[in-house]
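[1] Sequence first, predicted coordinates after that:
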Amino acid sequence: MEFLNSWWMIALALVVVFFVLSQSLFFLLKAIKRAKTLGIESNEVKRTIVSTMIFSIAPSIAILLGLLTLSKVLGVIIPWVRLSVLGAVTYELPATINVVEGVFSQSIGARITDPSIFVTVVWVMTLGVLPPMIIIPLFLKRIQGRVKKLRHKDQRWGDMFMNAMFLGMISAFLGYVVAPRTDDVTGETYISILAILTLITSALLMVLFGVLITKFKKEWLKNYAVSISMLTAMALAILYAALGVR
């Protein structure tokens, strides 16, 4: 497993990260040029760029925490590359946990020393993310067309359909939160009250921000509600843990 920190792994990671940054810069310049063509004022463009950068801070912190967690298992380079391209901690971390703990019955807190486990984790991560790359270019237009037809026929059912899809996606992660866990030391199986309490805290914060936005017209919160609720819930999770909640 010494290859994880070899120079050629670092070189490959730098190539991938440079490509991602170059792509971001390319589309940023294209967007600025398009904004000028549409006659949008430069101050408005700058304000949009700044607000977008600020909005990305909270998700970046969550991604950083995910990188630190994955680095204990896979080293730094592989999680760095994966999260630089995808940035989806909600996918990468559960995929790793399911393989390490579910298939090989090892602790997620220990570094992988068996190459077969490492290869399996990377393949699961890679293959698991391929379906959207196939579905979106081939079927997205058709799916969107059917959704538009449904909403055109009945706006209420169309909205319900979209809300149901969103709730279905959220429900997929709820199972991970409420699923029983096993203590690595004692072997005891328990339900994580800490995870559930953190989830409820985050949800209540979003409800609060929703009320402030709709009832009290705090429109500026629209760009920051998710970031603030995420950071606050993470901070309170640390407090809950310090109080002995697990």
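    On my side now, so go ahead. Numbering: from 1, shown residues only.

[2] Now do the contacts for the spatially closest residue to Ile193 that is not a sequence neighbour.
    Spatial nearest neighbour of Ile193, excluding adjacent residues (C-beta to C-beta, 6 or more residues apart in numbering): Val245 at 5.5 Å. All C-beta atoms are positioned from the backbone trio N, CA, C, and that covers glycine. Neighbouring residues of Val245 by C-beta atoms under 8 Å, 6 or more residues apart in numbering: Ile193, Leu194, Leu197.

[3] How far does the helix or strand of the chain with the lowest mean pLDDT sit from its chain's centre?
    Considering only helices and strands, the least confidently modelled element of the chain by mean pLDDT, DSSP states H and E is strand 181-182, at a mean of 76. Distance of strand 181-182 from the chain centroid (C-alpha atoms, centre = their mean, to the nearest Å) equals 23 Å.

[4] so after it, what's the next helix or strand?
    Per DSSP states H and E, strand 181-182 leads on to strand 189-190 as the next helix or strand towards the C-terminus.

[5] among the contacts of Val245, who's most crowded?
    Leu194 (18 neighbours; other C-beta atoms under 10 Å).

[6] Quick one: the helices in this protein, in order.
    Shown for the chain, the helices assigned by DSSP state H span residues 7-37, 42-55, 57-74, 77-85, 89-97, 115-128, 130-153, 155-178, 193-214, 225-242.

[7] List the buried residues in the second one.
    Counting neighbours by 16 or more other C-beta atoms under 10 Å, one finds that the buried residues in helix 42-55 are Phe55.

[8] so how far is that helix off the chain centroid?
    Per C-alpha atoms, centre = their mean, the centroid offset for helix 42-55 relative to its chain is 22 Å.

[9] The first one now?
    A distance of 20 Å separates the C-alpha centroid of helix 7-37 from that of its chain, computed with C-alpha atoms, centre = their mean.

[10] Against which helices or strands is the least confident helix or strand of the chain packed?
    strand 189-190 (3 or more C-beta pairs under 8 Å, 6 or more residues apart in numbering; DSSP states H and E).

[11] mind checking how far the strand it packs on is from the chain centre?
    Worked out by C-alpha atoms, centre = their mean, strand 189-190 lies 26 Å from the chain centre.

[12] Pull the number of nearby residues for the closest residue to Tyr176 other than its chain neighbours.
    What sits nearest to Tyr176 in space, not counting adjacent residues and going by C-beta to C-beta, 6+ apart, is Pro94, at 5.9 Å. Residues within reach of Pro94, counting by other C-beta under 10 Å, total 15.

[13] any idea how far Pro94 lies from Trp80?
    Applying C-beta to C-beta, to the nearest Å, the value for Pro94 to Trp80 is 19 Å.

[14] what's the pLDDT at the residue nearest the centre of the chain?
    In the chain, the residue lying closest to the centroid (C-alpha atoms, centre = their mean) is Ala88, at 3.5 Å. On the pLDDT scale, Ala88 is placed at 76.

[15] Could you report the separation of it from Val226?
    Taking C-beta to C-beta, one finds Ala88 at 15 Å from Val226.

[16] can you check Asp154 too?
    From Asp154 to Val226 the distance is 30 Å (C-beta to C-beta).

[17] Looking at these two, which is more packed in?
    Using other C-beta under 10 Å as the criterion, Asp154 and Val226 rank with Val226 on top: 17 against 11.

[18] Nearest to Gln106, out of the helices of the chain?
    Nearest to Gln106, of all the helices of the chain, is helix 115-128, at 7.1 Å by C-beta to C-beta.
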